[in-house]
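J.: Got a predicted structure plus its sequence, pasted below:
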Amino acid sequence: MAQIILPIAALILLLLMTPLLTSVFLGVTTGIEDLFVKETAEEAFKGTIPGRPNIVTMCSFILIAITAILMMFNPKNLEKHLLWIGLIISILGVIAIIGYIVNIPLLYYSIPKLVTPIAFNTAILFVLTGVGLFLASSDKSKIMNGDKK
């Protein structure tokens with residue numbers, strides 16, 4: 001079942017996040033912004049494009065999709081990729097959580113009129129996802145080394 005769901009989920013993530021991330025750098029809207037949430041410019045956070053996620057959110061989701069694709073192909077150094085991707089995603093989430101705790105908007109990736117802040121619950125989920133990938137990398141290496149505890 002995972003062999004069917006994993007590629008579909010990775011493809012959906014890539015099809016949604018890659019155009020959105022590209023649109024940030026090109027300065028255009030894609031229409032994907034209105035796909036799930038309809039909000040007006042007045043409802044958008046401090047002049048950013050309504051419905052567009054934070055850049056860190058988009059990059060983290062793209063990394064998660066890449067991880068899913070890597071897991072499908074199962075390269076011999078998969079545990080190293082899982083470790084690094086998990087570490088990157090966790091660090092990005094931890095920085096945002098610290099930003100919310102100490103009330104420094106730049107730490108939760110908020111740049112008015114340019115980037116919406118990452119949501120607090122999204123930061124927590126990225127930390128958990130990163131830790132999960134980190135743990136998966138250590139479990140994978142134990143299994144590959146013959147340690148079956």
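T.: Everything's here; your move.
J.: Which strands and helices lie in contact with the strand or helix carrying residue 14?
T.: Under DSSP states H and E, the secondary-structure element containing residue 14 is helix 2-26. Judged by 3 or more CB pairs under 8 Å, 6 or more residues apart in numbering; DSSP states H and E, helix 2-26 is in contact with helix 55-73. Any C-beta I mention is one placed from the backbone N, CA and C, and that applies to glycine too.
J.: In the helix it packs on, which residues are buried?
T.: Burial within helix 55-73, assessed by neighbour count using 16 or more other CB atoms under 10 Å, is assigned to 55-65, 67-68, 70-71.
J.: what about the residue nearest to residue 51 when sequence neighbours are not counted, distance to residue 23?
T.: Nearest residue to residue 51 in three dimensions, chain neighbours excluded: residue 33, at 3.4 Å (CB to CB, 6 or more residues apart in numbering). Distance, residue 33 to residue 23, using CB to CB, to the nearest Å: 8 Å.
J.: and what of residue 17?
T.: Residue 17 sits 11 Å away from residue 23, going by CB to CB.
J.: do residue 71 as well
T.: Residue 71 is 28 Å from residue 23, by CB to CB.
J.: Look up the pLDDT of the residue nearest to residue 51 for me, please.
T.: Per-residue confidence for residue 33 comes out at a pLDDT of 73.
J.: That one against residue 24, yeah?
T.: No: distance between residue 33 and residue 24: 10.7 Å, which falls outside the contact criterion (CB atoms under 8 Å).
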